[in-house]
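Asker: Turn this into a structure:
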Amino acid sequence: MAYMATNKSKYCYTIEDIPLVPLTKESSTRFVAAGPALLSFITNPAGCVFPMHKHEAVQILIILEGTEEHVCGDDTFLMQAGDVCVHPSNVMHGGRTTTGFRGIDIFVPPREDYLQLMAKHGLPIVGPQ
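Answerer: The predicted structure follows:
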């Protein structure tokens, strides 16, 4: 028997339907938080500089489109579509993009400041925190 879904599920999201939340003056994201992970669908326009920072959460950045000159710890390198960078807990990182980029950040455990930002914007958090 073939099965064809006709409606969206409460478990399924369309990225563009998730509200856009500003992270900096230039950078914005769409958050999804569930249990032990937080996802950030980040968009940085051409010329955007994301300031150096660190946090307790491990962060995995996946570049989907565009490029970024990225800094993680003592390394500076060019990230482009298809590249993945694992940021260990409490390691300084940041970057700048001349082309603009779209990517996915995964935070484990979820960053508390980002959970508070989600709450401020009325975004749901799925599962236990």
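Asker: Next one: Thr97 relative to Glu16, how far apart?
Answerer: As judged by Cβ to Cβ, to the nearest Å, Thr97 and Glu16 stand 21 Å apart. Any C-beta I mention is one placed from the backbone N, CA and C, and that applies to glycine too.
Asker: okay, those two: which has more neighbours?
Answerer: Neighbour tally, Thr97 and Glu16, criterion other Cβ atoms under 10 Å: the higher count belongs to Thr97, 23 against 8.
Asker: Which residue is the nearest non-sequential neighbour of the more buried one?
Answerer: Distances taken as Cβ to Cβ, 6 or more residues apart in numbering place Glu68 nearest to Thr97, at 4.4 Å, with adjacent residues excluded.
Asker: excluding its backbone neighbours, what's nearest the residue nearest to the spatial centre of the chain?
Answerer: Central residue of the chain (Cα atoms, centre = their mean): Ser40, 2.6 Å from the mean position. Excluding its sequence neighbours, the residue lying closest to Ser40 (Cβ to Cβ, 6+ apart) is Asp105, at 4.0 Å.
Asker: Which positions are bridged to that neighbour in the beta structure?
Answerer: Ser40, Leu61 (DSSP bridges).
Asker: who touches it in this structure?
Answerer: Contacts for Asp105 (Cβ atoms under 8 Å, 6 or more residues apart in numbering) come out as 29, 39-40, 42, 59-62.
Asker: Okay, strands next: where are they in the protein?
Answerer: For the chain, applying DSSP state E gives strands covering 21-22, 28-34, 37-44, 49-53, 58-72, 75-80, 84-87, 93-96, 101-108, 125-126.
Asker: least reliable of the ones you listed going by mean pLDDT?
Answerer: In terms of average pLDDT, strand 125-126 trails the rest of the strands of the chain, at a mean of 74.
Asker: Direction included, what does that one pair up with?
Answerer: strand 28-34 (parallel).
Asker: with the contacts of Asp105 in mind, which one is nearest to Leu78?
Answerer: Of all the contacts of Asp105, Leu78 sits closest to Leu61, with 13.1 Å by Cβ to Cβ.
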